[in-house]
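*Asks:* When you get a sec, could you give me coordinates for this:
(2 chains)
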Amino acid sequence: MGTLDILILSRLARGPMHGFGIAEYLHEVSEDVLRIEEGSLYPALHRLEAQGLIKSKWGVSENNRRACFYSLTPRGRKRIAVAVSNWKRLVEIVTRITDPLAP
Amino acid sequence: MSFITQLLSDLRVRLAGLFRRDALNSRLDEEIRFHIELREQRLQEQGMSPEEARSRARLEFGNRVVIAENTRENWRYGGMERLLKDIRYALRTLLRTPGFTAVAVLSLALGIGANSTIFTVIDHVMLRMLPVEDPNGIVVWAGTFSHPRYVDVLGRTESVFSGLMAFSSLSRVSIDGSDSNFGEGRLVSGNYFEVLGVKPLLGRLITSHDDRVPGAHPVIVISHAFWQRYFRGDPSIVGRSIRLSPGTLTGAWGTGGFEQTNDPSRSSFSGGFTIVGVTQPGFFGETVGQHPDFWAPLMMQEHFMPGRPWLQRTTARWLSVIGRLKAGVSREQAQAAGTIALQESLRSDPTANQSNIAQTRAELREGDKGLSPLRGNFSQPLLILMFMVGVVLLIACANLANLLLARATARRREIAIRLAIGAGKRRVFRQLLTESIILAMLGGTVALAVAYWGSRTMFNMVAEGDSAARLNLAPDLRTLAFTGAVALLTALLFGLTPALRAVRTDLNSVLKDGGPAVSVRFGMARVLVALQVALSVILLIGTGLFTRTLYNLKAQDLGYSPERLIIMKVDPISAGLQGAQIGRVGKDLLDKIRAIPGVRSATFSENGLFSGTESGAPVRIEGYPPASEADRRVRYDQVGPGYFTNVGIPILAGRDFADTDNAANERVAVINQNMAQFYFADSNPIGRQIFYEGTARATVTVVGVAGNARDHSLRDQVYRRMYVSFMQPIDGLTGANYEVRTAINAAEMAKQLRAAVAEVAPEMPVIRIEPLTTLMDQTMLRERTIARLSVLFGVLAVVLASVGLYGVLTYSVSRRTNEIGLRIAIGAEPRRIVWTVLRETFAPVAGGILIGVPIAAALSRYVETLLFNLKRNDALTISAAIVLIILIAAVAGLVPARRAAKIDPLRALRHE
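*Replies:* Predicted structure coming up:
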């Protein structure tokens, strides 16, 4: 699972959101470090939906416009939990290896 | 679980992708528009000018066209589309090799079709529930009842049955006075439909109000099919009248020995019945395989069987009884209650034989599947046939697996290239399996046609001689589901291994050259051929056993010649004849028949030969103390003068019946050899007396001993039998058969016989005129059916197996063209080449025989009861099967072997 997928899923773990909101979130958390074209979010969203990890539903946005809201499916929820714990383990290992002060 | 949910969600999205492309497109457009506009808004809020915000928002979003295209990629090539692509590709590939495809589809169609055929018949005869309300509550009371007994037992069993109904079959009822338009019907008690729990389509059904006064309820309910056929579905049918005239009763016995009364109502009642209702389509009553056209109240019995006033007779047992259990009552409880009720009923009846009431038991059978005249006789054969067609299908599967293996080898390059350019192994595997499934489905589709035709033909075969038997065998959902399931299973069976093998290819070796791996494939092929041979041997042994059984039955010595003997059955009772009149008319008719030119000899008997009716009674003989009741029982028949001479049964001692053995003289009897030996041992029976103690009593003097003759069954032993003169009837005469030995052809003789009856007794119905050989064949129906079908399936198995063997050898020869060419070039003789190729078949054929014979020997246990005069491990049958399979294998192998011998060495080597 790619980084983008993990980021999308972890945003959706907090609740349903439309594409723009997810893009905003990505900017926010990455402090603009992760520079991606915003549009590349959409192929990822549709792919995740085709995989049955997320589902979409029409809703109303905060500025009262019709928008497509994505949310996690139970399978997506399970997947992100596994992915996050794997990620954490990886980070831990990499940190251990790269940190000269570590025992 | 999660796998299934994933599959479902996947399917949902992919289906959406396939069918809702437009919806998805507009959704994506809207999402993108929404995104860009919102970004624009945010940027303006941050202080950008509208133009700047606009271009910045677009820039940050990226290339819309490319992004939309990338997104669509996720919908395209979804499972569904991939499947469609696979199917298209598979069809293209299959069409490129029409020969292979035709052979594959044809052998599958035969294999699957045979299975669907037998399944359809099994389903109808053995599996289906009656189309009635809650069939599980229905029980069938074994045996037959008289009407008074039924009414009495009904009143005594109300605690266990919510209803107990009675019915009797009517066949060949003439409709509206027609000579050619006959209907099948039922006489039913008033609660018949209530017990079955069915509703009418139109009007009403027969109720207890139609079941009160004998002869006073001329109403009928007609079947949906009859309504459609005869009345073209006329909606105003209720209230119409239809004329029904007497037919013959089927299946009643023990009705002899009463004085007949003339029914005054016969002349006053014209036979007009009012149609009160039509049953639902699909309802056929209580018997599977029979489709009555109408149902009439029991009270109308004598109209349909004139001269037989049975409603009041306790000795006329003509009713079958079916009950519905009360809620919470088990079959065993009802059976216990039924036994008590039956015994009480018999005790309270002075006319009943009181001696063995305590042994009388009620036997209730499960009735959820209704009655079936075929089920008892054909359940075991049908299961055996199902096994046989299963084996045929396995052979077909092995064939296909072999063909596919060969094909996969031929396609190794193609598959390797596909794998090399990045198609996943799973993808290629799925593609190959799709091909197999398509083959199986094509085969399955043709199989449905085979089954449609086959099940009809087969049902007509087993229901032969039963004009009332009809089944709606059009393939329905159940057949469809079965065929589909079998086809799919077949595809997996023959497709899985070749597909797995194909994708396990070592790319490098294949792409470099043709590659080895041939020997591996060929090893598998040999195993498959061995399997086919084993299965064929099993079927051939079965076929041999059944054919020899039929042959043994046919070769049975009857004790007389059945050739050119015609049996005519007439019904004097429904012609209104009674008592001594029957004998007088019988004698007149006999004289008339003897005068017909072309008749060599003719005689009379009550029960006839192989005609289905039989009489038995206890006898007492002075000086013979019986050890059991069974020792007192003999079969008997009432026959005409010169009976033994005319039929051709030798008289061993004493004399045949003569014209003088009539009412004016002493009662005489002829006994068969078995009876003479059993009761009189070595002493001379001539002149001894026999005390007949059946429903009537009489003393007869033995005047002759006749040879043992088989006259009712080819399979049974010859019973002790006694004959008396029909002009000195002991027990009244209930039937009349004429045995006519003819010098001219049967059809012409039948015409003459009818004319004779019309002249002597125009009122008397002729029930049938058949050559004795036809009647004998009918008693061998089961054996003939199994023998015929097992020959068919055996041939099918052998053909499929030899095609398989032929294919494997042909393939092997083509692979070895170079080697063989080289051998020929260095001087090998053609005969040696043939031998080399043939030798390849030895191991698989021998292996197959070694596996097949013990399995067949073990399985033969299940068919033992069906065999006749044959051990189940009959050495001749087994060796014949072995020789046959070796011969067939040799022939199948010889063609490719000779082709190999004719290989032109120059061409073969240049080929390199």
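
*Asks:* Now do the buried residues in stretch B:444-457.
*Replies:* For stretch B:444-457, the neighbour count (16 or more other Cβ atoms under 10 Å in any protein chain shown) marks B:444-448, B:450-452, B:454-456 as buried. (C-beta placed from N, C-alpha, C; glycine too.)

*Asks:* tell me the pLDDT at the spatially most central residue of chain A?
*Replies:* In chain A, the centroid-proximal residue (Cα atoms, centre = their mean) is A:Ile8; its distance is 1.6 Å. pLDDT for A:Ile8: 89.

*Asks:* for it, what are its contacts?
*Replies:* By Cβ atoms under 8 Å, 6 or more residues apart in numbering or on different chains, the residues touching A:Ile8 are A:22, A:41, A:44-45, A:48, A:54.

*Asks:* now A:Gly15
*Replies:* Counted by Cβ under 8 Å, 6+ apart, A:Gly15 has contacts A:Ser71.

*Asks:* Excluding chain neighbours, give the residue nearest to B:Gly847 in space.
*Replies:* Nearest non-adjacent residue to B:Gly847, counting by Cβ to Cβ, 6 or more residues apart in numbering or on different chains: B:Ala530, 4.1 Å away.

*Asks:* Going by secondary structure, the one you found is in what exactly?
*Replies:* Following DSSP states H and E, one finds B:Ala530 within helix B:518-554.

*Asks:* and that helix, what does it pack onto?
*Replies:* When contacts are defined as 3 or more Cβ pairs under 8 Å, 6 or more residues apart in numbering or on different chains; DSSP states H and E, helix B:518-554 sits against helix B:375-410, helix B:477-503, helix B:781-815, helix B:830-859, helix B:875-901.

*Asks:* and those as TSV, adding distance to B:Glu614 and mean pLDDT?
*Replies:* As requested, those are exported to TSV (distance: least, Cβ to Cβ, whole Å; pLDDT from 0 to 100):
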stretch	distance to B:Glu614	mean pLDDT
helix B:375-410	17	88
helix B:477-503	39	88
helix B:781-815	18	87
helix B:830-859	35	90
helix B:875-901	33	91
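
*Asks:* Among the ones you listed, which comes closest to A:Glu28?
*Replies:* A:Glu28 lies closest to helix B:477-503 among the helices and strands packed on helix B:518-554, at 47.3 Å (Cβ to Cβ).

*Asks:* Inside helices: which ones of the buried residues of stretch B:444-457?
*Replies:* Cross-referencing the buried residues of stretch B:444-457 against helices under DSSP state H gives B:444-448, B:450-452, B:454-456.

*Asks:* quick one: which of those is nearest to B:Ile573?
*Replies:* Nearest to B:Ile573, judged by Cβ to Cβ, of those is B:Arg456 at 36.9 Å.

*Asks:* For that closest one, report the pLDDT, please.
*Replies:* For B:Arg456, the predicted pLDDT is 82.

*Asks:* can you tell me which strand in chain B is longest?
*Replies:* For chain B, the longest strand by residue count, based on DSSP state E, is strand B:161-175.

*Asks:* Which helix or strand contains the spatially closest residue to B:Ile36 that is not a sequence neighbour?
*Replies:* Residue nearest to B:Ile36 in three dimensions, not counting chain neighbours: B:Ala57, with 5.0 Å by Cβ to Cβ, 6+ apart. Assigned by DSSP H and E, B:Ala57 falls within helix B:50-61.

*Asks:* So what's the residue count around the residue nearest to B:Phe868 when sequence neighbours are not counted?
*Replies:* In space, and not counting its chain neighbours, B:Phe868 is closest to B:Thr549: 4.6 Å by Cβ to Cβ, 6+ apart. Close neighbours of B:Thr549, defined as other Cβ atoms under 10 Å in any protein chain shown, add up to 22.

*Asks:* would you list every one of the strands in chain A?
*Replies:* Ranges of strands within chain A are A:17-18, A:54-60, A:66-72, based on DSSP E.

*Asks:* Give me the below-cutoff pLDDT ranges for the chain.
*Replies:* Going with chain A. For chain A, applying pLDDT under 70 flags the ranges A:1, A:31-36, A:100-103.

*Asks:* To clarify, I was referring to chain B.
*Replies:* For chain B, applying pLDDT under 70 flags the ranges B:1-21, B:75-81, B:179, B:247-269, B:422-424, B:463-475, B:505-522, B:911-912.

*Asks:* Surely B:Val219 is in contact with B:Phe294?
*Replies:* No. At 10.1 Å, B:Val219 does not count as touching B:Phe294 under the criterion of Cβ atoms under 8 Å.

*Asks:* what sits in contact with each of those two?
*Replies:* Taking Cβ under 8 Å, 6+ apart as the criterion, B:Val219 and B:Phe294 both touch B:Phe273.

*Asks:* quick one, which of those two is more surrounded?
*Replies:* Each of B:Val219 and B:Phe294 has its neighbours counted (other Cβ under 10 Å); B:Phe294 has more, 23 against 20.

*Asks:* what's the distance between the more buried one and B:Lys199?
*Replies:* Applying Cβ to Cβ, to the nearest Å, the value for B:Phe294 to B:Lys199 is 17 Å.

*Asks:* Could you do B:Ser171 as well?
*Replies:* Plainly put, B:Ser171 is 27 Å away from B:Lys199 if you go by Cβ to Cβ.

*Asks:* Please say which of these two ends up with more neighbours.
*Replies:* Neighbour tally, B:Ser171 and B:Lys199, criterion other Cβ under 10 Å: the higher count belongs to B:Ser171, 18 against 12.
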